[in-house]
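J.: Got a sequence here, can you build the structure:
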Amino acid sequence: MVMPGVGFDVVLSDCLARHLKDRLSSATHLSLAFYGMGRISHGTQATMTMNVGRGGAIRRDGKITGVPSAWKTREIDFGEGVVKTGVTIPWGDVATAFYSTGIPNIEVFTIVPPSNLKMMKAARYIGWLLATGPFQNYLQKKIPAGGPSDAEREKGRTLLWGGSIRRKRQQS
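T.: Presented below is the predicted three-dimensional model:
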C-alpha cells in the first residue's frame with residue numbers, strides 16, 4: 001500500500017492485520033512491525049519520550065498486558081534486502097487489531113537504533129527516574145523543533161511486516 005504524503009498511523013498497520021486474518025482465519029497470534037525510513041515528527045518524538053520508563057504492552061489471551069520496556073526482540077525481514085532487529089513497543093495496534101481481527105495475542109515491533117534499544121532496556125531498571133517530571137522536561141527540551149520538511153516526507157518510507165500463526169492448545 002502506497003499512500004504518499006500520508007503520515008503513518010495505526011490505520012495502515014490495522015489494514016495489514018485484517019489482511020492477515022483474512023488469509024489465516026484461525027490465527028491465534030499476530031505480530032506486526034514497522035520500519036520508518038525517514039525523520040519522525042516532533043509530536044511522535046514527544047509521545048515516545050513521554051512513554052520512556054513506562055514499559056510496554058502486548059495483548060495476551062485477549063487482554064492488554066504490561067511488559068517491561070523492550071520486552072522482546074526479533075529479526076524481521078521486510079523484503080527488499082532489509083532485515084532489521086525489531087523491539088516490542090506499546091503501539092495502538094495492541095488495542096485496535098484485536099477488534100479488527102479477534103486475534104487474542106498481539107505484539108507490535110519497531111526498528112530503533114542500537115543506542116535507543118540499549119536505553120529502552122536500561123529503562124527496565126531506571127524507568128522510575130526517566131518518568132519523573134524533571135527528567136521528562138529535560139528530554140522534551142532535547143527534541144528538535146518542527147519535523148520533516150515536505151521534501152523529507154516525500155522521500156520517507158515506512159515498511160510494514162506482519163505474521164500470524166495458529167498455535168494448538170496444549171492438552172491437559
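J.: low-confidence ranges in this protein?
T.: Within the chain, the stretches falling below the threshold (pLDDT under 70) are 1-9, 168-172.
J.: tell me the helices in it, going along the chain?
T.: Listed from the start of the chain, the chain has helices (DSSP state H) covering 10-23, 42-50, 93-101, 114-130, 133-141, 150-155.
J.: In stretch 52-60, which residues are buried?
T.: Neighbour-count burial for stretch 52-60, with 16 or more other C-beta atoms under 10 Å as criterion, is recorded at V52, G53, G55, G56, A57, I58, R59. Placement of C-beta: from N, CA and C, glycine included.
J.: Any chance of the residues you listed in JSON lines with distance to G66 as columns?
T.: JSON lines is the format used below for the buried residues of stretch 52-60 (distance: C-beta to C-beta, whole Å):
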{"residue": "V52", "distance to G66": "15"}
{"residue": "G53", "distance to G66": "13"}
{"residue": "G55", "distance to G66": "6"}
{"residue": "G56", "distance to G66": "7"}
{"residue": "A57", "distance to G66": "6"}
{"residue": "I58", "distance to G66": "9"}
{"residue": "R59", "distance to G66": "11"}
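J.: K84 is nearest to which of the helices of the chain?
T.: Between K84 and those, the tightest spacing by C-beta to C-beta is seen for helix 114-130, at 10.6 Å.
J.: now the angle from the closest one to helix 133-141?
T.: 150 degrees (axes from the mean of the first three to the mean of the last three C-alpha atoms, to 10 degrees).
J.: roughly how far out does helix 114-130 sit from the chain middle?
T.: Taking the mean of its C-alpha atoms, helix 114-130 sits 16 Å from the chain's own mean (C-alpha atoms, centre = their mean, to the nearest Å).
J.: what's next to that helix, contact-wise?
T.: Outside helix 114-130, the residues within contact range by C-beta atoms under 8 Å, 6 or more residues apart in numbering are 52-55, 68-70, 73, 85, 87, 112, 135-136, 139.
J.: now do 7 Å
T.: Surrounding helix 114-130, the residues in contact under the criterion C-beta atoms under 7 Å, 6 or more residues apart in numbering are V52, G53, R54, G55, P68, S69, A70, V87, F135.
J.: Filter those down to the ones in strands?
T.: Filtering the contacts of helix 114-130 for membership in strands, criterion DSSP state E, returns V87.
J.: ok, of the contacts of helix 114-130, which one's closest to L32?
T.: Taking C-beta to C-beta as the measure, L32 sits nearest to V87 out of these, at 12.9 Å.
J.: Show the contacting residues for that closest one.
T.: Counting by C-beta under 7 Å, 6+ apart, V87 makes contact with A70, T73, F109, T110, V112, L117, M120.
J.: ok so, going back, among the helices of the chain, single out whichever gets nearest to F34.
T.: Nearest to F34 among the helices of the chain is helix 10-23 (6.3 Å), distances taken as C-beta to C-beta.
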